[in-house]
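Novice: When you get a sec, could you give me coordinates for this:
(one chain, ligands or ions: 3)
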Amino acid sequence: MIVDIRKWKHVFKLDPDRDISDEALDRLCLSGTDAILVGGSSGVTFDNTVDLLSRIRQYEVPVVLEISNQEAIVPGFDLFLIPVVLNADDPKWIVGQHHEALKEYGALLNWDEILAEGYIILNKEATAAQLTSARTNLDAKDVAAYARMADKLFHMSIVYVEYSGTFGDMELVRRTRQVLENARLLYGGGIDSLEKAQQAAEAADTIVVGNIIYSDLEQALQTVNVNFDRNGR
Ligand SMILES: CC(C)=CCC/C(C)=C/CC/C(C)=C/CC/C(C)=C/CC/C(C)=C/CC/C(C)=C/CC/C(C)=C/COP(=O)(O)OP(=O)(O)O
Ligand SMILES: O=P(O)(O)OC[C@@H](O)CO
Ligand SMILES: [Mg+2]
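Specialist: Ligands and ions are numbered 1, 2, ... in the order given. Model (predicted):
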């Protein structure tokens, strides 16, 4: 399946390390979301990723792996997203893990199904921020510079403003999107209602809904009803 991320407005992110019932998965996969992203920053293994992939594969919705560790690289997804944490203090999360993975898989890859994501992690409490020692104390100018780096210098397809676990500063997200010419701006973090989904949709190109799936499925499903016509892109 060819996945066109430029059409994505809403995606759900499912964590292989967390339990989800068949009924909940059915409702998420049939919700009208543009894709299911599979990923998490801890506890993701080959086995729990294969298990989740095979369950989602019963549906037509595109299913995309966001690779977070080398042990959990599973073939068979429609697309692979490779996070590059631009504001990581530890180079392991900018190029180190990637270098190791490419030593192993480099000659085998179909590059048409792989996209880099320039991550900017802004919630210092998030597992991903702690794992990568992200420098989260950034102002809008700092974030815009990372966004331009991803878009214009490295030609990455995605800039991902990540506030995982908390709802972020939508003015900063809006200003970040304004500096992008080609990359798509994904926003994720703390979207737990249709109202917050709407605010995020007015600032970003694509919104990512994660944790609320596991605590309040009805609210999570409501976020699919977001109206994107108002963001003018
Ligand atoms: C088998 C085959 C040939 C298939 C193709 C495989 C393929 C595409 C290989 C590519 C090679 C390559 C370059 C791989 C990269 C390898 C790698 C491990 C890169 C490091 C990625 C990285 C920087 C991870 C850091 C953590 C991170 C940013 C994760 C992203 C996801 C995320 C933030 C989830 C949120 O997590 P969550 O747990 O929900 O957070 P909270 O607890 O705060 O809610
Ligand atoms: O889990 P939440 O806070 O919804 O964030 C979504 C996603 O950006 C996590 O990587
Ligand atoms: Mg999560």
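
Novice: Show me which residues of this protein sit near ligand 3.
Specialist: The interface of the chain toward ligand 3, taken as CB under 5 Å from the ion, is made up of Gly210, Asn211. Glycine gets a C-beta too; all of them are placed from N, C-alpha and C.

Novice: which stretches of the chain aren't confidently modelled?
Specialist: Applying pLDDT under 70 to the chain flags the ranges 230-233.

Novice: and if we set it to 50?
Specialist: Within the chain, not a single segment meets pLDDT under 50.

Novice: touching ligand 1 at all, stretch 91-100?
Specialist: Yes. Remark: stretch 91-100 sits within contact range of ligand 1 at Trp93, Gln97, His98, by CB under 6 Å from any ligand atom.

Novice: For ligand 2, what's the nearest residue on the chain?
Specialist: Gly188 (1.9 Å; CB to the nearest ligand atom).

Novice: Number of residues surrounding that residue?
Specialist: Gly188 has 24 neighbours, counted by other CB atoms under 10 Å.

Novice: who are the neighbours in contact with it?
Specialist: Contact analysis of Gly188 by CB atoms under 8 Å, 6 or more residues apart in numbering lists Lys13, Tyr160, Val161, Glu162, Tyr163, Ser164, Ile207, Val208, Val209, Gly210.

Novice: And Leu109, how far from Ala147?
Specialist: 26 Å (CB to CB, to the nearest Å).

Novice: Over to the nearest residue to Asp142 once chain neighbours are set aside: give its phi and psi.
Specialist: Computed as CB to CB, 6 or more residues apart in numbering, the closest residue to Asp142 that is not its neighbour in sequence is Asn87, at 8.0 Å. Main-chain dihedrals, Asn87, degrees, to the nearest 10: phi -100, psi 20.

Novice: Hmm, Asn87 is touching Leu138, no?
Specialist: Yes. Taking contacts as CB atoms under 8 Å, Asn87 lies within contact range of Leu138: 6.5 Å.

Novice: Which neighbours do the two have in common?
Specialist: Listed as contacting both Asn87 and Leu138 by CB under 8 Å, 6+ apart are Ile120, Tyr146.

Novice: Those two: who's more crowded?
Specialist: Using other CB under 10 Å as the criterion, Asn87 and Leu138 rank with Asn87 on top: 23 against 17.

Novice: list the contacts for the more buried one?
Specialist: Taking CB under 8 Å, 6+ apart as the criterion, Asn87 is in contact with Tyr119, Ile120, Ile121, Ala134, Arg135, Thr136, Leu138, Asp142, Tyr146.

Novice: Would you check how far apart it and ligand 1 are?
Specialist: Counting by CB to the nearest ligand atom, to the nearest Å, the gap from Asn87 to ligand 1 is 11 Å.

Novice: any idea how far that residue is from Glu162?
Specialist: Applying CB to CB, the value for Asn87 to Glu162 is 10 Å.

Novice: Between these two, which contacts overlap?
Specialist: Tyr119, Ile120, Ile121.

Novice: List the beta-bridge partners for the second one.
Specialist: In this case it means Ile120. In this entry, Ile120 is beta-bridged to Val161, by DSSP bridges.
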